[in-house]
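Novice: predicted coordinates and the sequence they were generated for:
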Amino acid sequence: SVLLRQLDGFDPARRSVVIAATNRKQDLDPALLSRFDAAVRFDLPDPPTREAILQRYARQLAPQERAALARATDGASGRDL
């Protein structure tokens, strides 16, 4: 992959910080993943967080509709909402 080749081009004597994000880790090359020292995982939003997301992006819904939708969408990411 292009990113893997670019990572190989970094000077090992210099400190480099690379920040990357994906929602499809299972599709990434294991050789690429092995280049990262740390990983931070963010879990899916809980019902109050889903309701806050819906409050911002589903303003056309009444508050009780947003609350019901937040409860009904267990396992949904912010993107899914």
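Specialist: Nice, thanks for sending it over. Quantities reported herein were computed from a predicted structural model and do not represent experimental measurements.

Novice: for the most centrally placed residue in the chain, give me its contacts.
Specialist: Nearest residue to the geometric centre of the chain (CA atoms, centre = their mean): Asn23, 5.0 Å. Each residue near Asn23 by CB atoms under 8 Å, 6 or more residues apart in numbering is listed here: Ser77, Arg79. C-beta: built from backbone N, CA, C; applies to glycine.

Novice: so it is in which element?
Specialist: Using DSSP states H and E, Asn23 sits within no helix or strand.

Novice: how close does it get to Ser77?
Specialist: 7 Å (CB to CB, to the nearest Å).

Novice: what is in contact with those two at once?
Specialist: Common neighbours of Asn23 and Ser77 (CB under 8 Å, 6+ apart) do not exist.

Novice: and Pro12, how many neighbours?
Specialist: Residues lying near Pro12 (other CB atoms under 10 Å) number 6.

Novice: actually Arg66, not the one I wrote
Specialist: Residues near Arg66, counting by other CB under 10 Å: 21.

Novice: next: Asp8.
Specialist: 9.

Novice: and it, how far from Asp43?
Specialist: Taken as CB to CB, the span from Asp8 to Asp43 is 32 Å.

Novice: which stretches of this structure have low pLDDT?
Specialist: Scanning the chain for pLDDT under 70 picks out nothing.

Novice: how many residues are close by Glu65?
Specialist: Using other CB under 10 Å: Glu65 sits among 12 other residues.

Novice: the helix or strand hosting it - contacts with which helices or strands?
Specialist: In this assignment (DSSP H and E), Glu65 forms part of helix 63-72. Contact partners of helix 63-72 among helices and strands, from 3 or more CB pairs under 8 Å, 6 or more residues apart in numbering; DSSP states H and E: helix 47-57.
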